[in-house]
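[1] sequence and predicted structure below; questions after.
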Amino acid sequence: MPLNPVVSAVTERIIERSRPYRAAYLNQLADSIQQGVQRSTLSCTNLAHGFAAFPANDKLVLKQQKNPSVAIISAYNDMLSAHQPYERFPAIIKDAVRQIGGVAQFGGGVPAMCDGITQGQPGMELSLFSRDTIAMSTAIALSHNMFDAAVYLGICDKIVPGLLIGALHFGHLPAVFIPSGPMTTGMSNSPVVRAGQD
């Protein structure tokens with residue numbers, strides 16, 4: 001089936017308008033890929049800061065600079081139920097990465113606000129602005145030139161785009177986004193449907 005002519009025209013305009021920006025971004029990615037992770041250029045004191053809190057065996061793996069180091073960036077907090085599963089995810093991820101010979105560190109946390117809570121309150125105005133803060137927090141967490149890949153833990157229509165924006169700045173690093181899963185109501189679908197009809 002052919003593409004709708006209006007959709008086709010709009011798509012072509014977007015492609016043309018974004019061409020210089022896409023080219024600049026792709027050039028930046030190509031440069032970053034070619035340079036690779038620069039842990040080997042960090043001084044001993046920089047490296048010592050980078051993995052001072054690591055368990056001893058993880059320190060040895062990272063010092064060899066042969067196996068991957070994975071950053072964990074998370075929107076975990078105690079308040080929001082959708083984010084609570086992320087409390088235990090980093091330990092699971094660290095163990096999984098160790099099993100394949102790499103190491104993982106909790107690289108940084110990002111703010112996670114909920115406009116369901118702030119609805120009608122002055123704080124609600126911060127909701128969309130939080131995306132920029134999340135993107136910046138993500139970029140700061142990855143700015144140390146220590147990581148070969150990143151795992152992003154976030155859920156929500158503000159947090160995931162913010163994580164993605166930050167991740168795209170480091171688009172040369174392989175990335176995995178992990179949602180925390182659905183929130184169950186404790187009721188089966190039938191009562192939920194009936195409740196919605198009442």
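    Here it is on my side, so go on.
[2] quick test: name the residue nearest the centre of this protein.
    residue 152 (3.1 Å; Cα atoms, centre = their mean).
[3] can you confirm that residue is in a helix?
    No: counting by DSSP: H, G, I helix; E, B strand; the rest coil, residue 152 falls outside a helix, being strand.
[4] show me what it bridges to in the sheet.
    As for beta bridges, residue 152 partners with residue 73, residue 177 under DSSP bridges.
[5] OK, contacts around it?
    73-74, 138, 163-164, 167, 175-178 (Cβ atoms under 8 Å, 6 or more residues apart in numbering). For glycine as for every other residue, the C-beta is placed from the backbone atoms N, C-alpha and C.
[6] make a ChimeraX selection of the buried ones in these.
    Buried residues within those, by 16 or more other Cβ atoms under 10 Å, are selected in ChimeraX with:
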select :73,74,138,163,164,167,175,178
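[7] okay, the contacts of residue 152 in CSV with distance to residue 45 and pLDDT next?
    Below are the contacts of residue 152 laid out as CSV (distance: Cβ to Cβ, whole Å; pLDDT from 0 to 100):
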residue, distance to residue 45, pLDDT
73, 25, 97
74, 27, 95
138, 25, 95
163, 30, 95
164, 33, 95
167, 28, 95
175, 29, 95
176, 31, 95
177, 33, 95
178, 33, 92
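[8] quick one: which of the contacts of residue 152 is nearest residue 105?
    residue 73 (10.4 Å; Cβ to Cβ).
[9] quick check: the gap between the closest one and residue 133.
    13 Å (Cβ to Cβ, to the nearest Å).
[10] list the residues that contact both of those two?
    Any residue near both residue 73 and residue 133 by Cβ under 8 Å, 6+ apart counts here, and that gives residue 110.
[11] need the longest helix for this structure.
    Ranked by residue count under DSSP state H, the longest helix found in the chain is helix 5-35.
[12] residues of it that come out buried?
    By neighbour count with 16+ other Cβ under 10 Å, helix 5-35 contains the buried residues 29, 32.
[13] average pLDDT for that helix?
    Regarding helix 5-35, the rounded mean pLDDT is 87.
[14] for stretch 50-69, same thing?
    Rounded mean pLDDT across stretch 50-69 is 74.
[15] pull out the buried residues from it.
    Residues of stretch 50-69 classed as buried: 50-51, 54, 58-59, 61-62, 68-69 (neighbour count, 16+ other Cβ under 10 Å).
[16] helices along the protein, start to end?
    5-35, 44-51, 56-64, 89-99, 115-118, 129-142, 159-169, 189-197.
[17] chain center to the fourth one, what's the gap?
    Its chain's C-alpha centre and that of helix 89-99 lie 16 Å apart, by Cα atoms, centre = their mean, to the nearest Å.
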